[in-house]
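Asks: I'll drop the sequence and a predicted model, then ask my questions.
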Amino acid sequence: MLAVADDAKRRGGERLHVWVTSQEQPWSAPARVPQPGEPSHADGPVVVAVAWFEPTSAAWTETLAGSRCEAQVEAAVLLGLPRWPSATHPARVTTWGVALGATGLALHDPTGHVFAYGIADIRSRWTTAARALGAVAVIYGVGPPQQAEHPEPLPAQRLTEARRDGTVAAAWVPLLK
């Protein structure tokens, strides 16, 4: 499984979808990360930073039990990034992390290596939200194929389908300094 995932990474890379959302839109972000000194709801909704690393080249394979899976997502799950099914909220994982780079974001695995890197214009509102909580809602995995007539559907719509299909892993991870 890991060899298939490594081969796919060499062929592709990751598209990076970043957005901010409030806790009032649970379909587009995981549950709130409790932090000391966090603003109360009287101060307005908590804003969270979301980063979805989506492999550009899916590596579909079969498990020993015969079910179809995406090897890169399975590699992330094996390394401790929990799968994100529809009816659950992501866990808080401290062994993974996200770092801001000059041109995008890097997702670091528990060994400290870059597991995924995506290029994107990171807006100051996203950075402010990530720094305020000290954490990022990170998603890794493949969404459904994009349609030609709609080249860029909203990530949240595709994410809903990916969660239903079991092709994403997600967690609250620390924002690395």
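Replies: Happy to help now that I have it. As the structure is a prediction and not an experimental result, all values here were calculated from the model. Numbering: from 1, shown residues only.
Asks: State the three-state secondary structure for residue 158.
Replies: helix (DSSP: H, G, I helix; E, B strand; the rest coil).
Asks: Now it: closest residue in space that isn't a chain neighbour?
Replies: Nearest residue to residue 158 in three dimensions, chain neighbours excluded: residue 143, at 3.7 Å (Cβ to Cβ, 6 or more residues apart in numbering). All C-beta spots, glycine's among them, are computed from the backbone N, C-alpha and C.
Asks: Relative to residue 71, how far out is that neighbour?
Replies: Distance from residue 143 to residue 71, counting by Cβ to Cβ, to the nearest Å: 16 Å.
Asks: same deal with residue 123?
Replies: From residue 123 across to residue 71, the span is 32 Å (Cβ to Cβ).
Asks: higher neighbour count, these two?
Replies: residue 71 (22 against 13; other Cβ atoms under 10 Å).
Asks: hang on, the earlier thing: can you pull the contacts of the residue nearest to residue 158?
Replies: 54, 155, 158-159, 161-162, 167-168 (Cβ atoms under 8 Å, 6 or more residues apart in numbering).
Asks: Most neighbours out of those residues, which is it?
Replies: residue 168 (27 neighbours).
Asks: can you give me phi and psi for that residue?
Replies: Per-residue torsions, residue 168: phi -140, psi 150 (degrees, to the nearest 10).
Asks: can I assume it is in contact with residue 139?
Replies: Yes. The pair residue 168 / residue 139 is scored as a contact, 5.4 Å apart, by Cβ atoms under 8 Å.
Asks: follow-up on the earlier one: tabulate the contacts of residue 143 (TSV), appending pLDDT and distance to residue 15.
Replies: As requested, the contacts of residue 143 are arranged in TSV below (pLDDT from 0 to 100; distance: Cβ to Cβ, whole Å):
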residue	pLDDT	distance to residue 15
54	92	5
155	68	10
158	77	11
159	79	13
161	79	16
162	82	13
167	83	14
168	89	13
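Asks: Just give me the closest of the residues you listed to residue 115.
Replies: residue 54 (13.2 Å; Cβ to Cβ).
Asks: before we move on, the earlier item: return every residue with contacts to both of residue 168 and residue 139.
Replies: 52, 84, 159.
Asks: Export these to a markdown table and append columns for distance to residue 46.
Replies: Below are those laid out as a markdown table (distance: Cβ to Cβ, whole Å):
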| residue | distance to residue 46 |
| --- | --- |
| 52 | 19 |
| 84 | 20 |
| 159 | 19 |
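Asks: just these now: which is nearest residue 78?
Replies: residue 84 (15.1 Å).
Asks: wait, is residue 76 part of a helix?
Replies: Yes. Per three-state DSSP, residue 76 lies within a helix segment.
Asks: quick one, what contacts it?
Replies: Residue 76 neighbours (Cβ under 8 Å, 6+ apart): 109, 115, 140-141, 169.
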